[in-house]
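Q: Sequence plus predicted model, see below.
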Amino acid sequence: MENQRREVYDVMKVCLNAGKIMLQNGAETYRVEDTMTRMASSFGIEASHSYVIPTGIIFTAEDGGPGVTKLIRISHRSTDLQKVALVNSISRRISEGDITLEQAVELLDDIDKMSHTFPLSMQTAAASLASACFMIMYKGSWIDFIPALFAGGLGFLTVTYLQRIVPIKFFAEFCGALIIGLVALIFVLIGWGDQLDKIIIGSVMPLVPGLLLTNAVRDLIAGHLVAGLSKGAEATLTAIAIGSGVAIVLALL
């Protein structure tokens, strides 16, 4: 009996670790719950229940006796869909019986420790180029390409560094939008830019929470109302932060 209970704990640890990795890296709520349930079933726990919200996971496994429940806290979230895909791959291999519980533990630990993040310089260059290209896509003029390039890059750097110093996402995004607006305004005032609105619109696009909005809608459609509303509220706060920062600059005109 004791060995059976210990094995249940080990299975729960694997399922929770998989769910944590997926949720921290941009997976939808229903995908996390489905993956955890399938993994538990593959390891012999047919009766399992999971409750996932953006800030935590509650998982219960029933082994014939009183159910065992564990809670894990999600303190930070980012976007790394490659980790999500790797966890899904491990889940499929578990369902097919290709890997054991011990191997799953090691593989998930390796995935959790992986860092697929590109260097900050490359991220900044990508944000700058994306900002300028978005500005052109929104029918801006080519004279505003360089201003959008600089504004988007500086805004992205501001958000990145401020989140490291002050772990308040709203404040970092507000300051990033403020910097974007100021840089765009300076370029226009000195005559190196033409359309202030187009420069600002293109430059804030790397800050827009597109994946968060998509996941919020998908979770709401799938019936995960709490998770969907939470993600929608987080996306709304980001939009308010960006809008407020830009509004302060426009108020100076």
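A: Cool, the structure landed.
Q: Just give me the neighbour total for residue 251.
A: Counted by other Cβ atoms under 10 Å, the residues lying close to residue 251 total 8. Where C-beta positions appear, they are placed from N, C-alpha and C, glycine not excepted.
Q: How far away from the center of its chain is the helix or strand that contains residue 14?
A: For residue 14, the host element (DSSP states H and E) is helix 2-24. Its chain's C-alpha centre and that of helix 2-24 lie 23 Å apart, by Cα atoms, centre = their mean, to the nearest Å.
Q: Next: stretch 133-146.
A: Taking Cα atoms, centre = their mean, one finds stretch 133-146 lying 28 Å from the centre of the chain it belongs to.
Q: ok so, going back, what's the helix holding residue 14 packed up against?
A: Using 3 or more Cβ pairs under 8 Å, 6 or more residues apart in numbering; DSSP states H and E, the elements in contact with helix 2-24 are helix 29-42, strand 47-53, strand 56-62, strand 68-73, helix 81-95, helix 101-113.
Q: Give me the angle between that helix and helix 29-42.
A: Note on geometry: by axes from the mean of the first three to the mean of the last three Cα atoms, to 10 degrees, helix 2-24 and helix 29-42 are set 160 degrees apart in direction.
Q: before we move on, back to that, any chance of the helices and strands packed on helix 2-24 in a markdown table, plus distance to residue 231?
A: A markdown table is the format used below for the helices and strands packed on helix 2-24 (distance: least, Cβ to Cβ, whole Å):
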| stretch | distance to residue 231 |
| --- | --- |
| helix 29-42 | 8 |
| strand 47-53 | 9 |
| strand 56-62 | 14 |
| strand 68-73 | 17 |
| helix 81-95 | 15 |
| helix 101-113 | 22 |
